[in-house]
Structure formats: structure tokens, C-alpha cells
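**Student:** no sequence for this one, just the structure:
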């Protein structure tokens, strides 16, 4: 039984449907990607999972059961807009938050020290949030979400506003939490993070699910529409091949857009006739391209 | 339940530690101390005045009936005259006399002057007191009035009575008041003048303390809720604990803050009053704090707590609707006005605690906490009235708490501009609250 399951969940604000029949299942030790442009319904979905608002239709199951107050101690939340008490010492507020989630003072203190060490900043224990840089504030925010070792973690835009070094550091810790068995619902705009972390994704667009499933399957099933060609000499007549939609000359050769995979074979034949082929690849679409295509098509 | 305790503890600890709270409390303690010591200072200055030769001079033009001489004689007999009389010889022309007095008044040779108006068929003339400044006027008037009464008695009885008889005639009638409990079902105790005076001070202090601390802590609740909302920590809090425990944890935590503040003030008063120089003064004025009816303090605390809860839940609800601290002042305005009305109804009625206004106010939630303290302390109130008022308050707290909790639950999730009632209701519906 999966720790988190959303079944045909609908949320309406007045006559506007914010989330339309979403189905999500997050397994143990899984990071599930929830993608979508601004206003697609990600935050509403997450708020429903957190029990802040109730679905109008459909069900959300936590380990097979409906929502109850006791779940609060098993859930962690990293909100999109970061916030902690600016003038309260780190140890006081993080232990307070952990206590509210059902931890004892002593366990919370130990857990906090572990995480501060994990981020190599044990000296922040006694500092106030306002004394920290933005990146370090985010680390504290992250600790607030995981300090009580939750089973289900909701992360809204976990890495936004961080420098690359800190992104790597946080990514490692997210993976660590996942490997300990947590189910993580993860929303972001950054496709490369999803490709690195998630097995399954849902792409939302204007309240609707437009694409869903295993990331590898999605990519495999998505038409491959690009060929990268590397040759020693110039190749002429590529744009004359039926099915070729665009030809871009690059430093190492060509980047050719195709409408179908038969065109790719013709490109290869043409190239071999004229020069020595060093590289030929029918490129899998990136998630970014898939996203833009899935969302963009409906933008029209 | 555990969570509630955690929130209460966190709220209390963090508030008492803030610089602004410590500074405010210290300033208020200084003010309270100054207030307690003021009686000593006033007395000290007054003592100086009576010891020094008088510098109040009243000009009076010689009259035919001999009132002027009578006045001169009256003040000459006193060991420490409150004022001096300066006699002017009459020129026979009233306008010239007054012109002379006026010029002396302008040159500050005299403080004021008395114009004697002889009326036909009257056994004694009437007087007009004329002065440029009215400062100290009531003291001067009191002194002149008793002087003139004596002069008048002297003139009328002349030598028909002995000195003893005159003295007895002039001695003021001694009358003390005692407020007694008429109905056996009424609260309170019989009060002599002194006890009534102490009760008056106690009620005044209770009204003031309870209003000020409840208002301050109420505002702090609203400010904290808004701060939590604008710093977005609210999203984490609200997913950790139920909004109800969150709201009441904060309300109870702040109540403890308010009560500790009151305790500090009371300690400041007691310490100041027991200082040797003050103790003597208070004894002189018959102010003895042990004379306060302990039931007044018990009811005072009870009504303070009930009133606090009623206002605090509203402050929390308003705080939850506002997203930015700058908008808060405007948003709490209606509650501020209600609390001010409640405070002033009681403050203005402190010398007439049994009017219909106070009676009605003592049953209306919001005004009842202060009005009831006033009635218990100084007025006449039956026990059933007190308990009815408490029952009404409890029901109101329950209703307001319930509505506030709903608003709080909805409000904390709404960002952007302050929602109207309609938007709030719509949101409640959408959130299924």
C-alpha cells in the first residue's frame, strides 16, 4: 500500500475549478514530481494533501486511511514562500516546530544537531534567522520540514533561489531522506532537477493533468524529433529530405529537427554519401521540451 | 493538549524576552511609581506653601457696613492666614476706586480684588471676585467664603451671644457617610468613608490596569498573528497544529504575559507604598490597602480574564485576516473603539456607579467586565446579577471564540489584500470550514 494516494481529486473555488480529477500515487522512498506553470494547481494540490483544505470530490489516502489530525506528526512541509521567526533563535524555533509535530524536546534537540552537522553549520544553533544569508535560511527551512523524520514530505519549489553549490547539497540530502523511506511530493519549475530525482511525474496545466507516468516511459513514448549529426565535411541538401523541419549548423555539425523517424535514416544516408560521419544520434526529448510541448500546445 | 502547552510556553517566553516588552513594562513601572509618590510630592510642596508668609493679597475697598474691617480682623486673628487683605480708602466714586484696583492688579500689587455690592433690603452685601487669572481660585474662594460667613455672623449677632456660643454656631456640622449593604443578596461590604475611598482607588486602578493590559496584549496577539502570516511561518504552523489550539495557545500565552505584567505593577505599587516617606503620607490620608474588600480583587481578576478572552479572540481573528503589519492598525480599529467605549463608560461613571447606563453596560458583553468591576467595587449589585453577567460573558466568549476560530482558520490562508466579509464567507465555504 502506498503511503500517499490521491484519487480523482477535485477542488473548486466558486465556479473556477482549481484542480480537476487528479490521480497521484507516491510510493515509499520515492520522489514524485509535480510540474506545472504558475497557477496550474500545484499549490492547491499540495494544500489538500496537507489537510489545509478539503477536496470537493475524490479521496486522499494516507497509508490507506483518510486524513486525520494525527497525521500532522508524520508529514513535513517545505512551503514555497519561506518563513521562520526572524527574531527567534534557530534552536528555539526549530525545536518548537518539532515539538508541535509530536517530538519530545530532547529528540528534537538531537535531530536538530544532527542536521546542522549534516549541513556543516553547527554554529547556527544559537543564531537568529535574520542573521543568516538567504541560502542558509533555506537550509534551516529544510531542516524544519524534516527534523521530525516525517513519512510524507511536501516540497514546494525546494531549490528555488539557491546557488548551484547549495542546490547540490540540498539535492543530496533530499536523496538521503528518500533513501530512508520517505515519500516526497516535489514540485518545481526546474526540469533538470526532476530528471535527476523523480521516477514518476505529473504535469499539470490549468487545473488539468496533461501528462502523467513514469519519466522513462514518457520520454520513450514521446516522438523523438531531433537528430544530432557530426561530420568531417559539409553536408548539402539536408533540408530537401522529406520530413526534415529545420536545420541548424553548429560547431560540431548539425542539429536537425524531424517530423518522423524515417527522415532520420535518410539524413544518415545522405550524410554518409557526402562525408565521414563521426556522430549520429536521434536525441530523446528533454523533459523541458516535453513540458513546453505539452503545456504550449494547450496554450494556443 | 500537549501542543497547547507548547504553544502557550513558546508565546509567553518569546514575548517576555523581547526588548520592546521589557522597555514598556519598565516605563509603566516608573509611571506607576511616580503616581504613588505623587501624593508625597504634592504634600511636600503644599507644606512649603503653608509655612511661608502668604503672597496672596486681595484688595478690598473700604465700605460703610464694615465688611472690610471684619475681613481684616478675621485674617489678622489667624496664625497662618491663607491670604492677606489690602484695604483701599474709598474715594466716594466707585469707578475711580475700581480703576485704582485694576492698576494695582496689573502691577501685581494684589492678586485679585473683591467688589462689594450693597443691595437695598438686604441685610448683608453681595460680592464679586475679580481676578486676571483663575489659578488657585477655588482655594481663595473657600477661604473668602468662610471669612465672609464669619463676618456676616458677627455683624448680625453682634454681642447678643457669648464667644462660646458664636464658636459653636460657626463650627461646621460633622457628618460622615457609610455605605451599607441593603439587600442580603448583594455583593460587597458595608463601607465607611475611608473604606469607600480605598475602594474608589482600587476600582480606578483595576479599571485602568485591566483596560491597559488587555488592550496591549490584545494588540500583541493581532500583531503576532499577522507577523506569522507575513513571515509565512503560518503555513508550517497550521499544518502542524489545529488552528484552534494555535489560536487559544496564543491567547492563553498572552494572558499569562498580561497577568505577569499586572503582578509587576502591583508589586511596584506595594513596594512604593511601603517606603517610609510614603507610608507616613498614606497613613495621614487614611489610605490603607488592607481595607480593600478581597472579593473585589477576586471579581476583578475574574472579569479581567473573561473580558480579556472576549477581546483576545477577536484580536486574533482580525490579525489573521491581515497580511501585512502596516494594515493592522486600521483593521483593529473597530475593536479598539469598542474597548475604549467600555473603558470610558466605567471611568466616567465612577462617581455614580448605580446609574441605568452602568447597570445596562454590566450585562452587555464587551462593556460588562469593566462595568461589573465598578458596580462590585462601588455600587450596589446582587449576586445573581454578577453570575448572570458572568454567564452572558461565557456564552459570548464561546460564540466569539467559535467564529474567530473559523475566521482564523480561513484568514491565515488568504494572502494579498484584506478580504471583505463576503470574500471571507466565500473562502470559508470553499475551504469547507
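**Tutor:** Structure received. All values reported here derive from a predicted model rather than from experimental measurement.
**Student:** what's the local residue count around the residue in chain A positioned nearest to chain B?
**Tutor:** Closest contact between chain A and chain B, by Cβ to the nearest Cβ, is at residue A:83 (2.9 Å). Bear in mind the C-beta positions are built from the backbone N, C-alpha and C, glycine included. The number of residues packed near residue A:83 is 21, by other Cβ atoms under 10 Å in any protein chain shown.
**Student:** then residue A:247?
**Tutor:** Residue A:247 has 18 neighbours, counted by other Cβ under 10 Å.
**Student:** what sits against it?
**Tutor:** If you count contacts by Cβ atoms under 8 Å, 6 or more residues apart in numbering or on different chains, residue A:247 has them with A:238-239, A:254-257.
**Student:** between those residues, identify the one with the most neighbours.
**Tutor:** Counting neighbours by other Cβ under 10 Å, residue A:256 leads these with 24 neighbours.
**Student:** quick check on that one: phi, psi?
**Tutor:** With angles defined as degrees, to the nearest 10, residue A:256 sits at phi -120, psi 130.
**Student:** how about residue A:132, what does it touch?
**Tutor:** When contacts are counted by Cβ under 8 Å, 6+ apart, residue A:132 touches A:124, A:140.
**Student:** so where do the strands sit in the stretch 51-200 of chain A?
**Tutor:** Counting by DSSP state E, counting those that start in this stretch, one finds strands in the stretch 51-200 of chain A at the ranges A:57-62, A:75-78, A:152-156, A:183-188, A:200-205.
**Student:** pull the most distant pair out of the contacts of residue A:247.
**Tutor:** Largest separation among those by Cβ to Cβ: A:239 and A:255, giving 12.6 Å.
**Student:** how about the residues of the stretch 201-350 of chain B that lie near chain A?
**Tutor:** Contact residues (Cβ under 8 Å from any Cβ of the partner chain) of the stretch 201-350 of chain B with chain A: B:228, B:231-242.
**Student:** now do the contacts for the spatially closest residue to the residue of chain A closest to chain B that is not a sequence neighbour.
**Tutor:** Closest residue in space to residue A:83, ignoring its immediate chain neighbours: residue B:232 at 2.9 Å, by Cβ to Cβ, 6 or more residues apart in numbering or on different chains. Neighbouring residues of residue B:232 by Cβ under 8 Å, 6+ apart: A:79, A:81-83.
**Student:** of those, which one scores lowest on pLDDT?
**Tutor:** Scanning those for pLDDT, the low point is residue A:82. It has 75.
**Student:** so which residue is dead centre in chain B?
**Tutor:** Centroid-nearest residue in chain B: residue B:204, 4.8 Å away (criterion: Cα atoms, centre = their mean).
**Student:** shaky segments in chain B?
**Tutor:** B:1, B:46-54, B:184-185, B:187-188, B:415-418, B:430-433 (pLDDT under 70).
**Student:** residue in it nearest to chain A?
**Tutor:** Closest point on chain B to chain A, by Cβ to the nearest Cβ, is residue B:232, at 2.9 Å.
**Student:** gap between that residue and residue B:244?
**Tutor:** From residue B:232 over to residue B:244 the distance is 21 Å, taken as Cβ to Cβ, to the nearest Å.
**Student:** how about the contacts made by the residue nearest to the centre of chain B?
**Tutor:** When contacts are counted by Cβ under 8 Å, 6+ apart, residue B:204 touches residue B:350.
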